[in-house]
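Trainee: Sequence and predicted structure, then a few things I'm wondering about:
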Amino acid sequence: MRWTASDFERLDPRLFRAFLAVVRTESFSAAAVEASLTQGAVSQQIAKLEERLNTQLFVRANGRVLTTTAGRMLALHAQAYMDHTARFLEQLNEEFESMRGGVSYAMPESCIHAPHFGWLLERRKAHPDLVLSIELKPAPEVLADVLAGAVDFGFMNQPADSQAVQAYPFCCEDYVLVGPGNGQAPALPEHLDGLLSLPLIVYPGMLHGLNRWIRAQFGETDPISTVSLRTCGQFNDLRGVLAMVEGELGCTVLPRHVVGEALAQGRLRALTGPLGQAQQAAMQQIWIVRLRERRMPARVRRVIRWFLDMHTELQPIPQEFLE
């Protein structure tokens with residue numbers, strides 16, 4: 001006979017569970033146990049399938065129930081249907097039901113001053129059951145948290161030196177050497193020795209930005225440590241660092257997006273050389289990092305995609321980064 005689309009339209013997918021159980025077990029009684037049905041119910045469901053397809057799906061031989069050629073064809077279709085339905089329901093549940101719960105990530109404190117955090121909060125308003133848990137810490141500690149599984153993902157302002165994590169470029173930040181805005185700030189150093197003679201405000205993660213700035217201004221040099229600096233103040237909060245610089249205690253290196261408002265208002269000044277010589281751009285890539293082998297819930301993937309959608313130049317996003 002010739003089967004048509006109308007034949008398949010008459011099929012009831014609810015009959016597939018019993019049918020596939022018979023295919024696997026080659027027994028109506030064993031299929032009944034597997035499908036949690038009575039043997040009579042299994043027989044009735046198989047009879048309905050055979051009646052609607054007008055063909056025999058099983059034959060009995062030597063005490064076994066063997067699948068016919070038509071039955072094997074239907075088994076392929078039925079199993080594919082069941083698998084596809086299960087995947088669809090899983091994706092549907094993840095996408096629309098799992099925006100309830102926690103999403104945790106860690107990042108350097110400077111990231112909290114970028115516009116991305118405000119944009120994230122706007123997106124979050126549409127999901128009141130989503131709980132954001134954020135840790136502010138230097139990049140090495142961010143990496144340690146990601147590796148330990150303590151956070152879902154993290155932002156780092158330096159490359160991750162571990163094969164266990166997967167990193168994706170997010171945006172760039174520009175480091176700038178700033179002093180008080182009242183005209184008392186020193187001139188832009190012409191040499192490294194001039195920089196090391198400046199009174200500097202130190203904060204967690206500052207040394208990485210300072211070394212990046214030094215390479216941009218003076219070329220390749222060996223990284224410096226805090227013992228080489230003329231430290232005149234320390235603070236573990238960037239608001240305190242800004243207050244120290246505004247209070248003429250010293251200078252420091254910060255991402256430009258952190259000091260942008262203070263520069264515009266004249267509370268801080270980017271150091272310049274003779275005749276207004278500007279600083280060389282000291283750009284640093286920011287990365288989103290995640291544990292390579294960790295399966296992320298849908299809500300975590302959604303939050304990461306919110307961040308990535310803030311930068312259209314990052315598209316298309318490699319799908320494996322969000323799996």
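Mentor: That came through, no problem.
Trainee: Against which helices or strands is the longest strand seen in the chain packed?
Mentor: Secondary structure of the chain read by DSSP state E shows that its longest strand is strand 165-180. Judged by 3 or more Cβ pairs under 8 Å, 6 or more residues apart in numbering; DSSP states H and E, the packing partners of strand 165-180 are helix 139-148, helix 206-218, helix 238-246, strand 252-255, helix 256-264, strand 268-270, strand 282-291, helix 298-309. Any C-beta I mention is one placed from the backbone N, CA and C, and that applies to glycine too.
Trainee: Tell me the buried residues in the first one?
Mentor: Spelled out, that is helix 139-148. Using 16 or more other Cβ atoms under 10 Å as the test for burial, helix 139-148 gives Ala139, Glu141, Val142, Leu143, Ala144, Asp145, Val146, Leu147.
Trainee: Could you do the longest one as well?
Mentor: Within helix 206-218, the residues that qualify as buried are Met206, Leu207, His208, Gly209, Leu210, Asn211, Arg212, Trp213, Ile214, Ala216, Gln217, counting by 16+ other Cβ under 10 Å.
Trainee: follow-up on the earlier one: dump the buried residues of helix 139-148 to CSV, plus pLDDT.
Mentor: Shown next, in CSV, are the buried residues of helix 139-148 (pLDDT from 0 to 100):
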residue, pLDDT
Ala139, 92
Glu141, 94
Val142, 94
Leu143, 93
Ala144, 93
Asp145, 94
Val146, 92
Leu147, 92
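Trainee: Return the member of those residues nearest to Phe88.
Mentor: Val146 (31.4 Å; Cβ to Cβ).
Trainee: dump the residue contacts of the closest one.
Mentor: If you count contacts by Cβ atoms under 8 Å, 6 or more residues apart in numbering, Val146 has them with Ala106, Phe153, Gly154, Ala160, Val165, Val289, Arg290, Leu291.
Trainee: Most neighbours of all these, which one?
Mentor: The most neighbours of any of these, using other Cβ atoms under 10 Å, belong to Gly154, which has 30 neighbours.
Trainee: and that residue, what are its bridge partners?
Mentor: Bridge pairing for Gly154 (DSSP bridges) gives the partners Ala106, Val289.
Trainee: Enumerate the positions of the biggest helix by length in the chain that are buried.
Mentor: In the chain, with assignment by DSSP state H, the single longest helix is helix 69-97. Neighbour counts using 16+ other Cβ under 10 Å place Ala70, Gly71, Leu74, Ala75, Ala78 of helix 69-97 among the buried residues.
Trainee: Can you give me the first-to-last residue distance of stretch 274-287?
Mentor: End-to-end span of stretch 274-287 (Cα to Cα, to the nearest Å): 36 Å.
Trainee: who's in contact with that stretch?
Mentor: Stretch 274-287 is contacted by residues 111, 155-160, 167-177, 187-188, 209, 212-213, 215-217, 255, 270-272 when judged by Cβ under 8 Å, 6+ apart.
Trainee: Can I get the buried part of those as one ChimeraX selection?
Mentor: Buried subset of these, written as a ChimeraX selection, criterion 16+ other Cβ under 10 Å:
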select :111,155,156,157,158,160,167,168,170,171,173,174,175,176,177,188,209,212,213,216,217,255,270,271
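Trainee: show me what contacts Phe155?
Mentor: Going by Cβ under 8 Å, 6+ apart, Phe155 touches Tyr105, Ala106, Met107, Pro108, Cys111, Val142, Phe170, Ile286, Trp287, Ile288, Val289.
Trainee: Recalculate using a threshold of 7 Å.
Mentor: Neighbouring residues of Phe155 by Cβ atoms under 7 Å, 6 or more residues apart in numbering: Met107, Pro108, Cys111, Val142, Phe170, Ile286, Ile288.
Trainee: And the pLDDT at the second one?
Mentor: When you say that, I think you mean Pro108. On pLDDT, Pro108 comes in at 92.
Trainee: Much appreciated, bye for now.
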